[in-house]
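Engineer: Let's see this in three dimensions:
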Amino acid sequence: MFITSFKKMKLNIVLIMAVTLSLFLSACSSGKVSDNIEAMRSFFLENKYIIHACGFVSDDEGTLYDYTNSKEALENSLLAGNRIIEVDFHYTSDGTLVCGKAWGDLYLDGKQMTPGEAPTLSDYLQCKILDKFTVLTFEDIANYMREYTDMVVVTDTKETNIETYKMIASSYPDLTDRFVVQIYHASEYDAVKKAGFPYIIYTLYETDDSERTEEALLKASKKPLVGFTFHTDLTFDDEFMRIMKETNTPLFVHTVNDDEQIKKYLSEGISGIYTDRTDL
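Structural biologist: Numbering: from 1, shown residues only. All right, here's what the predicted structure looks like:
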């Protein structure tokens with residue numbers, strides 16, 4: 001009799017474990033947000049500001065420049081206490097991942113490089129951005145992340161090159177959970193996640209109308225996202241904003257530098273602001 005009861009108890013334990021596992025797998029497949037996604041969302045909510053392209057930086061005369069992705073801009077942002085930094089990445093002509101937006105911003109020996117034409121790594125490292133500021137490579141960014149252990153980088157690669165993310169995951173495994181990858185189309189989500197990056201923002205500025213329908217956006221929101229990012233122009237579209245709020249996903253807007261506008265968006269339920277400002 002004791003043996004029979006013991007067998008029943010073991011059977012019950014097995015059944016409980018099976019049900020628990022089933023519920024866990026069901027939650028994962030349904031897009032249930034995990035604790036780590038919630039923690040990253042909270043980090044964004046607490047910090048509020050995503051510093052765009054490393055933020056404003058001034059030259060020796062006090063003139064402010066945006067979109068430089070420069071060493072001076074990054075250090076200015078970090079020293080001001082900012083910890084979520086958006087960085088643009090591109091490849092040199094010989095295949096090294098570096099920071100920057102437009103190759104035409106580069107000057108070599110005081111002469112502007114050809115706009116749109118990627119330089120070699122050797123030339124890039126000798127360039128000055130706008131003939132003023134110091135260039136950065138991906139390796140430099142990784143070194144700053146190791147120095148500032150609470151620094152999170154939001155990637156902007158303009159196109160989601162999955163081989164880039166595979167390379168980062170392979171070469172910098174200690175940092176993959178401190179990158180938040182921006183994807184530009186919902187179809188890119190699974191490949192980025194599979195490459196080893198748990199934190200993803202779906203930014204909408206390259207989407208077409210068919211990707212911003214209610215059906216498409218609600219479907220995209222079923223995948224655990226850190227948030228959606230979109231241009232402030234879309235906030236004037238009441239139907240779009242209704243849909244975005246129905247996703248129950250944090251919403252971020254870009255790029256806002258005005259104090260009153262920032263306050264307005266935050267008061268209306270926007271979770272975070274992409275900004276060039278570093279003093280907020």
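Engineer: What does the pLDDT read for the nearest residue to Lys128 once chain neighbours are set aside?
Structural biologist: In space, and not counting its chain neighbours, Lys128 is closest to Tyr107: 5.2 Å by CB to CB, 6 or more residues apart in numbering. Heads up, the C-betas are built off the backbone N, CA and C, glycines and all. Per-residue confidence at Tyr107 stands at 97 (pLDDT).
Engineer: just checking, Tyr107 is part of a helix?
Structural biologist: No. Per DSSP: H, G, I helix; E, B strand; the rest coil, Tyr107 lies outside any helix segment and is strand.
Engineer: What is the neighbour count of it?
Structural biologist: For Tyr107, the count of nearby residues is 17 (other CB atoms under 10 Å).
Engineer: OK, contacts around it?
Structural biologist: The contact partners of Tyr107, by CB atoms under 8 Å, 6 or more residues apart in numbering, come to Met113, Cys127, Lys128, Ile129, Leu130, Asp131.
Engineer: Could you dump those residues into JSON lines and include pLDDT?
Structural biologist: JSON lines is the format used below for the contacts of Tyr107 (pLDDT from 0 to 100):
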{"residue": "Met113", "pLDDT": "94"}
{"residue": "Cys127", "pLDDT": "97"}
{"residue": "Lys128", "pLDDT": "97"}
{"residue": "Ile129", "pLDDT": "97"}
{"residue": "Leu130", "pLDDT": "97"}
{"residue": "Asp131", "pLDDT": "97"}
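Engineer: which among these gets closest to Arg212?
Structural biologist: Set against Arg212, the nearest of the contacts of Tyr107 by CB to CB is Ile129 (33.7 Å).
Engineer: these two touch, right, that closest one and Cys99?
Structural biologist: No. Taking contacts as CB atoms under 8 Å, Ile129 lies outside contact range of Cys99: 9.3 Å.
Engineer: So for the two, which residues contact both of them?
Structural biologist: Shared contacts of Ile129 and Cys99, counting by CB under 8 Å, 6+ apart, come down to Asn69, Ser70, Val135.
Engineer: Highest neighbour count among these?
Structural biologist: Result: Asn69 is most packed of the shared contacts of Ile129 and Cys99 (other CB under 10 Å), 29 neighbours.
Engineer: what pairs with the residue lying closest to that residue once chain neighbours are set aside across the strands?
Structural biologist: Sequence neighbours aside, Cys99 is the residue nearest to Asn69 in space, at 4.2 Å (criterion: CB to CB, 6+ apart). When assigned by DSSP bridges, Cys99 has beta-bridge partners Phe89.
Engineer: who's in contact with Cys99?
Structural biologist: 54, 69-70, 87-90, 135-138, 140-141.
Engineer: quick one: which of those residues is nearest Ile168?
Structural biologist: Looking across the contacts of Cys99 and measuring by CB to CB, the closest to Ile168 is Phe138, at 7.7 Å.
Engineer: Now do the closest one: how many residues are near it, please.
Structural biologist: For Phe138, the neighbour count with other CB under 10 Å is 22.
Engineer: Give me the distance between the spatially closest residue to it that is not a sequence neighbour and Thr137.
Structural biologist: Closest residue to Phe138 apart from its sequence neighbours, by CB to CB, 6+ apart: Leu97 at 4.1 Å. Leu97 sits 7 Å away from Thr137, going by CB to CB, to the nearest Å.
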